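# Next comes the sequence, and after it the predicted model I'd like to discuss.
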Amino acid sequence: MKKRTLLLLLACSTITVYAQKGKKPQIKIKPRTEFVADLMSKMTLEEKIAQMVQFTADGTITGPKSGTNWVDEIKKGNVGSILNATGVDYTRKIQKMNLDNSRLKIPILFGYDVIHGYKTIFPITLGETASWDLELARKSAEIAAAESAAAGIHWTFAPMVDISRDPRWGRVSEGAGEDTYLGSKMAFARVKGFQGNNLNDLYTVLACTKHFAAYGAAEAGRDYNTVDMSERLLREVYLPPYKATVDAGVGSFMASFNEIAGVPSTGNKWLMNDLLKKEWGFNGFVVTDYTGMNEMIPHGYAKNEQHAGELALKAGIDMDMVGAIYLNDTKKNLQEGKVTMAQIDDACRRVLLAKYDLGLFEDPYRYNEEKREKATIYKKEYLDAALNAANKSMVLLKNSNNVLPLKQSQKVAFVGPLVSDEFNIIGSWAAAGDRNGYAVSVEEGVKHLVKDQSKVSFNKGVEIKDSKRTMMQAALDAAKNADVVVAVMGEFENQSGEAASQVNIDLPGIQKEFLAELKKLGKPVVLVLLNGRPLTLSWENDNMDAILEAWFPGTMGGDAIAQTLYGVNNPSGKLPMTFPRSVGQVPIYYNHKNTGRPYLGTNDPEQKYKSRYTDSENSPLYAFGYGLSYTKFEYSNLKLSSNKLSGSNKITVTVDVKNTGNYDGEEVVQLYVHDVVGSVTRPVKELKGFTKQLIKKGETKTVTFDISADDLRFYNIDMKFVAEPGDFEVFVGGSSDATLKATFELVK
Ligand code: BGC
């Protein structure tokens with residue numbers, strides 16, 4: 001944390017001089033299409049192909065190696081884009097090397113994974129989504145854009161909008177969870193945050209929607225694995241968040257590694273050309289994922305690299321990330337008549353337009369200003385926003401006997417492997433994020449807040465994964481002398497993210513054993529979790545007094561956790577993904593179908609021939625949308641303005657939400673709809689609206705939602721996107737378990 005304070009001071013001293021937000025360079029150039037057409041008329045075939053080529057700068061390898069030397073290729077004028085180069089100094093050097101060798105002085109486009117912050121790290125995306133706060137998500141993307149653009153980056157590989165119903169898949173941490181509606185809203189907000197209103201602004205970056213498509217549906221939750229599903233499920237559940245980013249004006253897309261119904265996305269003409277570019281009207285460019293083009297060979301879809309290049313270009317892939325296939329094989333493919341000049345021109349044009357929009361032709365070094373970089377990174381207001389985001393992402397899963405919030409007068413033993421951690425707390429995919437020495441640990445956060453330091457102690461007790469017991473006794477001794485025990489536990493940051501699938505999603509190592517020892521002391525035990533995916537917490541739920549899901553909360557995470565534990569922040573987060581009782585229930589999600597033999601629970605007179613497990617309940621441990629507060633909310637008076645909906649009319653739904661507890665608090669009020677009978681069966685519930693409301697202690701708020709026929713549309717038996725007349729149920733409440741119900745009929 002100390003180094004960051006120093007940087008902050010440096011930043012503050014230069015801030016006024018360089019606060020030139022959005023200032024445009026003075027050079028006047030032609031309108032975009034004219035400019036790019038002019039430029040392309042001067043370009044050779046090789047120069048056009050170069051625009052379709054991306055290499056990685058520092059050799060970060062997350063896939064098979066291409067064996068190509070990126071520096072040599074830049075010197076030959078063969079590279080249009082570089083990833084994994086950061087900082088104004090380094091990117092300037094690379095840009096200069098490129099411009100010195102580029103006949104037409106076409107700037108390089110610098111891309112980077114700015115996923116949940118650049119230097120000021122926000123909660124992992126899944127955690128941030130638990131805020132259900134769209135403005136917060138937009139803002140954090142805006143800040144990530146400002147910091148990274150000030151550090152020479154033009155393009156972020158975010159947002160990741162893959163819907164996933166499988167917590168075994170490590171990449172759930174990077175996305176918005178399981179729900180299409182919430183995921184689409186978040187996706188839209190994040191693109192707006194990254195790109196702002198104008199890509200020419202010096203503090204915005206080009207966004208990249210990934211991974212197109214349905215990457216989150218990998219079979220068995222194993223990364224990169226096969227996806228197969230009906231077009232209806234694809235269109236209804238998985239595609240809308242990608243489409244939402246097109247509506248938000250996203251400038252680029254990334255193809256996913258997986259195949260869908262036998263066709264790898266990188267070679268999927270239907271997906272890229274027909275759906276994305278034609279049906280949705282996407283005007284930006286599409287990049288492969290890391291060596292995704294080469295991977296069509298082991299997929300069994302391309303014979304060799306040249307063939308892969310042909311399939312990708314025909315499918316509508318505009319840029320080859322790292323694979324070197326476009327560089328090596330495009331000319332040959334053209335000469336042999338396998339691809340057309342029009343296809344090459346289209347790819348090149350799309351990339352050049354993005355460079356134009358970013359202002360790179362006006363000044364290729366416009367994002368390379370040392371003083372702006374220093375003034376922008378770790379601004380106080382950014383750290384405050386990160387703290388706010390972390391606070392809002394906390395989900396209180398259990399709180400027996402109001403053990404939380406803690407009181408300043410209580411003696412508290414803080415224990416657990418992550419209690420003093422400054423490394424894992426910022427989470428995975430915090431590529432440029434500073435860890436040790438920068439991030440606020442829980443210990444630091446508590447020390448910032450607690451007035452009498454003699455009331456608190458900090459002992460790890462155990463490690464995250466290994467089974468050493470040497471530190472356990474000291475922690476137990478401290479716990480014995482305390483009024484309350486807080487165990488800060490969870491996963492390594494790299495247990496989630498890419499290539500981090502697991503078949504076991506319990507708390508790792510001997511953490512549970514340590515919790516059992518703590519419980520034996522007879523003191524209330526609070527479990528604080530730092531993790532990147534839903535975990536199986538049945539034992540913890542039965543045995544702990546309180547559980548706070550803190551995700552990986554980012555740079556200011558320790559302060560947010562302390563503020564939440566001590567009641568400075570009243571938790572208001574709601575789960576964006578279902579937490580199963582056991583991994584055997586996966587995939588598990590709230591908006592499932594009913595089956596012909598729905599199980600009605602332990603009161604069901606028929607226990608045998610029902611759609612159920614014989615060794616577990618069907619229900620999850622914690623449902624989608626669930627999360628407690630230090631106060632209580634009561635829902636009543638659910639009313640519809642009419643019990644018939646027709647034409648372009650709307651039904652207004654009203655509900656009273658009363659804060660009956662002892663604290664002011666925020667509640668995410670959720671609206672679900674069930675289409676009772678359809679030409680194809682419909683889910684038992686679907687989220688159709690939500691609003692986050694601050695409700696004061698004792699106050700009742702009347703919350704309203706509108707429902708129109710448009711909200712009820714789905715892909716019917718003829719694959720037409722329509723609302724079908726018939727009966728609908730409406731549920732409103734504080735989670736997907738909402739039972740308060742009203743009904744209406746959609747009439748023709
Ligand atoms: C990941 C992408 C990422 C890319 C570039 C890949 O391995 O799947 O999400 O943007 O690498 O780092």
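It's in.

# which non-adjacent residue is nearest W539?
K512 (6.3 Å; CB to CB, 6 or more residues apart in numbering). Using the backbone N, CA and C atoms, a C-beta is placed for each residue, glycine as well.

# With W270 instead?
Closest residue in space to W270, ignoring its immediate chain neighbours: V263 at 7.5 Å, by CB to CB, 6+ apart.

# dump the residue contacts of that neighbour.
V263 is in contact with 270-271, 301, counting by CB atoms under 8 Å, 6 or more residues apart in numbering.

# Domain-wise, how is this structure divided?
The domain map for the chain lists 391-585, 633-747, with the assignment taken from automatic domain parsing.

# Let me see the contact set for the residue nearest to W539.
506, 539-540.

# just the residues you listed now: which is nearest D737?
Checking these against D737 by CB to CB gives E540 as the nearest, at 19.8 Å.

# Phi, psi for that closest one please.
Dihedral angles of E540 (phi, psi; degrees, to the nearest 10) stand at phi -60, psi -40.

# what about it, distance to L126?
Using CB to CB, to the nearest Å, one obtains 19 Å as the distance from E540 to L126.

# Who has more neighbours out of those two?
L126 (30 against 23; other CB atoms under 10 Å).

# What distance do you get for the more buried one to V71?
Counting by CB to CB, the gap from L126 to V71 is 37 Å.

# same check, this time on P576
Applying CB to CB, the value for P576 to V71 is 42 Å.

# Which of the two has more residues huddled nearby?
When neighbours are counted by other CB under 10 Å, P576 and V71 differ, and P576 comes out ahead with 28 against 12.

# How much space separates that one from K185?
From P576 over to K185 the distance is 11 Å, taken as CB to CB.

# Same question for V486.
Noted for V486: a distance of 34 Å to K185, by CB to CB.

# neighbour count winner among those two?
For V486 against K185, the residue with the higher neighbour count under other CB under 10 Å is V486, and the figures read 30 against 21.

# List the buried residues of whatever helix or strand that one lives in.
Secondary structure assignment for V486, by DSSP states H and E: strand 484-490. The neighbour-count criterion (16 or more other CB atoms under 10 Å) identifies 484-490 as the buried residues of strand 484-490.

# Show me what that strand is in contact with.
403, 406, 410-419, 421, 424, 442, 461, 464, 479, 507, 511, 514-515, 518, 521, 523-531, 561, 565.

# Report the contact partners of K398.
Taking CB under 8 Å, 6+ apart, we find K398 in contact with 541, 544-547, 628.

# cutoff 7 Å now
Contacts here follow CB atoms under 7 Å, 6 or more residues apart in numbering; on that basis K398 touches 541, 544, 546-547.

# Could you do E540 as well?
By CB under 7 Å, 6+ apart, E540 lies in contact with 515, 527, 547.

# Can you flag the buried ones in the contacts of V263?
271, 301.

# Show me the helices in the stretch 101-250 of the chain, by range?
Using DSSP state H, counting those that start in this stretch, the helices of the stretch 101-250 of the chain run over residues 125-129, 134-149, 180-195, 231-233, 240-247.

# which residue is nearest the middle of the chain?
The residue lying closest to the centre of the chain (CA atoms, centre = their mean) is G175, at 2.7 Å.

# Tell me how far that one lies from V191.
G175 is 14 Å from V191, where distance means CB to CB.

# Repeat that for N294.
Computed with CB to CB, the distance linking N294 and V191 is 29 Å.

# Next: G573.
From G573 across to V191, the span is 23 Å (CB to CB).

# Tell me which of the two has more neighbours.
G573 (31 against 26).

# Tell me the secondary structure at that one.
Secondary structure of G573, reduced to three states by DSSP: H, G, I helix; E, B strand; the rest coil: coil.

# same check, this time on M40
Criterion first, three-state DSSP; result for M40: helix.

# And the pLDDT at the closest residue to the ligand within the stretch 151-300 of the chain?
Residue of the stretch 151-300 of the chain nearest the ligand, by CB to the nearest ligand atom: F157 (3.4 Å). We note a pLDDT of 98 for F157 in this prediction.

# now T602
Predicted confidence (pLDDT) at T602: the value is 88.

# Any idea how many residues pack against it?
Residues within reach of T602, counting by other CB under 10 Å, total 7.

# For it, what are phi and psi?
Its backbone dihedrals place T602 at phi -60, psi -20, with angles given as degrees, to the nearest 10.

# if I pick it, what's in contact with it?
When contacts are counted by CB under 7 Å, 6+ apart, T602 touches no other residue.

# Report the angle between the host helix or strand of E517 and strand 484-490.
Per DSSP H and E: E517 is located in helix 511-520. Angular relation of helix 511-520 and strand 484-490 on a 0 to 180 degree scale: 180 degrees, by axes from the mean of the first three to the mean of the last three CA atoms, to 10 degrees.
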